[in-house]
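Trainee: sequence first, predicted model second:
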Amino acid sequence: MLKKMKWGPAALAALSLMALTLAVGTANAADKVSLRLGWTYGGMFAPIYLGIDKGFFSDAGIDLDVREGKGSVPSATSVANGQDDFGYFDMAAAARLIDKGLPLKGIGQIRQKTGMCVISLKKSRLTEPKQLEGHSVSHTPGDSLSQVFPAFIKATGIDGSKIKQEGLDYSVYLKALENGQIDAILGYVDEEGFTLENRGLPINKICFADNGVVLVDYGFATSQKMIDKNPDLVKRFVAAVVKSFDYARNHVEEAVAAGEKRFPEFDKKLATKQVGYQQELFGDAVKNGKPIGWIDEATWNGSLKTLHDYMGLKKTDPSLYYTNEFIPGGAS
C-alpha cells in the first residue's frame with residue numbers, strides 16, 4: 001500500500017513559487033515569428049537586423065527569425081500559405097498573385113516607388129527603351145522584375161519580340177553582364193546597380209518609374225488568416241518594424257553594423273549606400289509626417305492602374321491589397 005506523502009510548509013511554499021514562476025514565464029514567452037525576405041541579404045534589409053539588436057522586436061514580445069528568400073513570388077506564396085508568418089518583398093509582384101486569389105495583404109509599405117531598372121554597362125550606350133530591341137536582357141527566374149517587365153515593354157511601346165530575354169541563375173547574373181555574355185539585366189538601382197558601380201563599372205539605367213511604370217516596391221505582408229486570427233501579433237510586429245526603420249534612417253552606421261555582424265562578407269561601403277538610398281523611397285506621405293510604412297490610397301491606385309493597364313490585373317479595389325490599420329497611428 002502506498003503511503004500518503006506529507007508536505008511541510010517549506011515544501012509547499014517552494015512548490016507554489018515554482019508554479020508561479022512557470023506561469024509568469026509562460027505568460028511572458030515571446031511569440032516565435034518567422035519573416036521571409038524577398039531576396040538574399042543587402043543593405044535594404046539592414047534595418048530589420050538593427051531592430052532585432054536594439055530590442056524593438058523582443059520589446060514587442062516577438063522572437064524574430066529572419067529568413068532569406070529566392071524571389072518575391074515564392075516568398076509571397078510561402079507567407080500566404082502559412083509556411084512563414086510575415087514577409088518583406090516586392091508588393092507589385094505580390095499584387096498579381098493576390099489578384100488571382102492568394103490570401104495575402106500588405107501591412108506596411110516601406111518602399112513606395114519602384115527602384116526597378118534595365119541596367120547595362122556604360123559602354124553599351126543603351127540609354128533609351130527603344131535601343132533594347134535587338135539586344136539580350138537577362139533576369140532571374142521567379143524574381144519580381146521578370147513579372148513586371150511586360151508592363152515596361154507595353155508602357156514604352158517597344159517590341160518585346162525583338163528583345164532576347166534570358167533567365168540566368170543569380171550566381172552568374174552580374175558576371176554574365178560584366179563579361180559581355182548579355183547586353184543588359186533587370187535589376188534594382190540600389191541592388192544590382194550599386195553593386196556594379198561599387199566594382200568600378202559605370203552603368204546606364206533605364207528606370208521603370210521614369211517610363212510610365214508606376215509601382216510600389218518592397219513592403220511587409222502577411223496572410224489573411226494571420227490578420228483574422230492574431231491581429232494583436234500583426235500590430236506588434238508592424239510597430240516593431242516601423243520603429244526599426246525609423247531608427248535606422250537616423251543611424252545608418254548602426255544599421256550597417258547590424259547587417260555586417262551577420263553577413264561579414266557583404267561589402268560595407270555598398271551596404272552603407274543602400275541603407276541611405278532607401279529613404280528616398282519611403283513616399284510622400286512619410287515626408288509629410290505619416291509613419292514609415294503608411295501609404296495613401298492614391299499611390300496604391302497608381303500601381304493597380306499600371307498592373308491593370310499593362311499586365312491584366314482584374315481586381316482594382318486597393319483594400320484587397322493593403323491596409324494601414326496596423327501602422328502606429330491607425331488607418332486614417
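Mentor: Perfect, I can see it now.
Trainee: what is the mean pLDDT for the helix or strand E166 falls within?
Mentor: E166 is part of strand 164-167 when elements are defined by DSSP states H and E. Per-residue pLDDT over strand 164-167 has a mean of 92.
Trainee: give me the helices and strands touching the helix or strand just after that strand, please.
Mentor: Downstream of strand 164-167, the next assigned helix or strand under DSSP H and E is helix 170-178. Counting by 3 or more Cβ pairs under 8 Å, 6 or more residues apart in numbering; DSSP states H and E, the packing neighbours recorded for helix 170-178 are strand 116-121, strand 136-139, strand 184-188, helix 194-198. All C-beta spots, glycine's among them, are computed from the backbone N, C-alpha and C.
Trainee: so how far is helix 170-178 off the chain centroid?
Mentor: Remark: helix 170-178 is offset 23 Å from the chain centroid, using Cα atoms, centre = their mean, to the nearest Å.
Trainee: swap in stretch 113-122?
Mentor: How far stretch 113-122 lies from its chain's middle: 18 Å, per Cα atoms, centre = their mean.
Trainee: what does stretch 33-53 give?
Mentor: In terms of Cα atoms, centre = their mean, the centre of stretch 33-53 is set 8 Å apart from its chain centre.
Trainee: which positions in that stretch come out as buried?
Mentor: Under the neighbour-count criterion of 16 or more other Cβ atoms under 10 Å, stretch 33-53 has 33-39, 41-53 buried.
Trainee: for Y88, helix, strand, or coil?
Mentor: Put simply, Y88 is strand when judged by DSSP: H, G, I helix; E, B strand; the rest coil.
Trainee: kindly state the beta-bridge partners for it.
Mentor: L37, F220 (DSSP bridges).
Trainee: contacting residues around it?
Mentor: Residues near Y88 by Cβ atoms under 8 Å, 6 or more residues apart in numbering: L35, R36, L37, G38, F45, I48, I110, Y218, G219, F220, A221.
Trainee: can you check P129 too?
Mentor: P129 sits in contact with V118, F152, T156, G157, I158, I206, N211, where contact means Cβ under 8 Å, 6+ apart.
Trainee: not counting its neighbours along the chain, what's nearest it?
Mentor: The shortest distance from P129 to any non-neighbouring residue, by Cβ to Cβ, 6 or more residues apart in numbering, is to T156 (3.9 Å).
Trainee: what about the one you found, how many neighbours?
Mentor: Using other Cβ atoms under 10 Å, T156 has 18 neighbouring residues.
Trainee: equivalent analysis for the one 4 residues further on, please.
Mentor: As a burial measure, the neighbour count of G160 was computed by other Cβ under 10 Å and equals 15.
Trainee: what's it in contact with, if anything?
Mentor: Residues in contact with G160, defined by Cβ under 8 Å, 6+ apart, are P150, I153.
Trainee: quick check: it vs T114, distance?
Mentor: Relative to T114, G160 is positioned 19 Å away (Cβ to Cβ, to the nearest Å).
Trainee: likewise V242?
Mentor: The gap separating V242 from T114 is 21 Å, by Cβ to Cβ.
Trainee: coming back round to it: pLDDT score assigned to the residue nearest to P129?
Mentor: On the pLDDT scale, T156 is placed at 95.
Trainee: wait, V234 sits on K105?
Mentor: No. When contacts are counted by Cβ atoms under 8 Å, V234 is not listed as touching K105 (9.7 Å).
Trainee: mutual contacts of those two, please.
Mentor: When Cβ under 8 Å, 6+ apart defines a contact, the residues bordering V234 and K105 alike are T222, I227.
Trainee: so what's D246 closest to, chain neighbours aside?
Mentor: Leaving aside its sequence neighbours, D246 sits nearest to I292 (Cβ to Cβ, 6+ apart; 5.4 Å).
Trainee: nope, N211 is what I was after
Mentor: Distances taken as Cβ to Cβ, 6+ apart put T156 closest to N211, at 5.2 Å, once the chain neighbours are dropped.
Trainee: contacts only, for that neighbour.
Mentor: Neighbouring residues of T156 by Cβ under 8 Å, 6+ apart: P129, K130, N211, G212.
Trainee: near the third one, how many other residues are there?
Mentor: Neighbourhood size, N211 [other Cβ under 10 Å]: 17.
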